[in-house]
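> coords please:
(one chain, ligands or ions: 1)
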Amino acid sequence: MSPDYDPHASSLAGTADADVLEELYAIRGSIDNIDASLVYLLAERFKFTQRVGRLKARHALPPSDPGREAAQIERLQALARDADLEPEFAEKFLTFIIAEVIRHHRAIAADRTGADAADADA
Ligand SMILES: O=C(O)C(=O)C[C@]1(C(=O)O)C=C[C@@H](O)C=C1
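Sure, this is the predicted structure:
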């Protein structure tokens, strides 16, 4: 955990009884653990998608693959329904992440094009 992180940071101090705040902080401890896991999971996912980006750039494949995305969204919506999560939220979340991945893929491809052009000039 970041040394500067205060798990009791709140704008609610003084607005509720101490026992209510204690319960709130206890619940927030679990929320903090989940948020930390999400960060690690996302970092790991981006490590893999960076590999995909490099592979695609090397073989001149397009950054996005709409057929793959449609299948992923359908799958995540079904998982969300099973998990009692709004399927629309699952779709929005995945679409948000994929947009960032595509931005990375484009940057990798542009770097590679630049490097290839520099090699050709040399
Ligand atoms: O699997 C790919 O081809 C990727 O580039 C990864 C990914 C994803 O983040 O899941 C991102 C962009 C594509 O449109 C589809 C999927």
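
> next one: the closest residue to Arg106 other than its chain neighbours from the ligand, what distance?
Closest residue to Arg106 apart from its sequence neighbours, by C-beta to C-beta, 6 or more residues apart in numbering: Pro63 at 5.2 Å. (Glycine included, C-beta is placed from N, CA and C.) From Pro63 over to the ligand the distance is 7 Å, taken as C-beta to the nearest ligand atom, to the nearest Å.

> contacting residues around Pro63?
With contact set as C-beta atoms under 8 Å, 6 or more residues apart in numbering, Pro63 has these partners: Gly53, Lys56, Ile102, His105, Arg106, Ala109.

> which of the three states applies to it?
With DSSP: H, G, I helix; E, B strand; the rest coil as the basis, Pro63 sits in coil.

> tell me the buried residues within the contacts of Pro63.
Gly53, Lys56, Ile102, His105, Ala109 (16 or more other C-beta atoms under 10 Å).
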